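1. Fold the following for me, if possible:
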Amino acid sequence: MTDEEKKALEIGSHIMKKTPVDSLSLHLIMIDAIESVTLKNVSPKEALEKAEQKKTDGYAKLKQAAKK
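-> Model (predicted):
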């Protein structure tokens with residue numbers, strides 16, 4: 001198993017530990033990453049990096065909105 005595959009499994013396991021809202025958004029992010037690899041010929045490493053960035057951006061927006 002490659003490091004990228006291990007990272008994907010790790011991210012997937014974290015999805016189960018989140019709230020339902022978090023799980024849904026992370027689930028969609030991971031589906032997008034998987035589709036990028038399988039359908040768009042994106043490298044697994046690049047897809048995981050983009051997924052991580054989307055997750056980080058999403059949480060930053062939630063934190064920003066919570067401060068208002």
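2. could I have the strand or helix carrying Asp32 exported to PDB, CA atoms only?
-> Using DSSP states H and E, Asp32 falls within helix 20-39. The C-alpha trace of helix 20-39 is given here as PDB (Å, rounded to 0.1, in the frame of the first residue of the first chain):
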ATOM      1  CA  PRO A  20     -22.900  14.200  10.700                       C
ATOM      2  CA  VAL A  21     -22.400  17.700   9.100                       C
ATOM      3  CA  ASP A  22     -18.600  17.300   9.100                       C
ATOM      4  CA  SER A  23     -18.900  13.700   7.800                       C
ATOM      5  CA  LEU A  24     -21.000  14.800   4.900                       C
ATOM      6  CA  SER A  25     -18.700  17.600   3.800                       C
ATOM      7  CA  LEU A  26     -15.600  15.400   4.300                       C
ATOM      8  CA  HIS A  27     -17.300  12.600   2.500                       C
ATOM      9  CA  LEU A  28     -17.900  14.900  -0.500                       C
ATOM     10  CA  ILE A  29     -14.400  16.100  -0.500                       C
ATOM     11  CA  MET A  30     -13.000  12.500  -0.500                       C
ATOM     12  CA  ILE A  31     -15.400  11.500  -3.300                       C
ATOM     13  CA  ASP A  32     -14.100  14.400  -5.400                       C
ATOM     14  CA  ALA A  33     -10.500  13.300  -4.700                       C
ATOM     15  CA  ILE A  34     -11.300   9.700  -5.700                       C
ATOM     16  CA  GLU A  35     -13.000  10.800  -8.900                       C
ATOM     17  CA  SER A  36     -10.000  13.100  -9.700                       C
ATOM     18  CA  VAL A  37      -7.700  10.100  -9.500                       C
ATOM     19  CA  THR A  38      -9.900   7.600 -11.200                       C
ATOM     20  CA  LEU A  39     -11.500   9.700 -13.900                       C
END
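3. which helices and strands sit right next to the helix or strand following that helix?
-> Downstream of helix 20-39, the next assigned helix or strand under DSSP H and E is helix 44-67. Identification of packing neighbours for helix 44-67 by 3 or more Cβ pairs under 8 Å, 6 or more residues apart in numbering; DSSP states H and E yields helix 3-15, helix 20-39. Every residue, glycine included, has its C-beta placed from N, CA and C.
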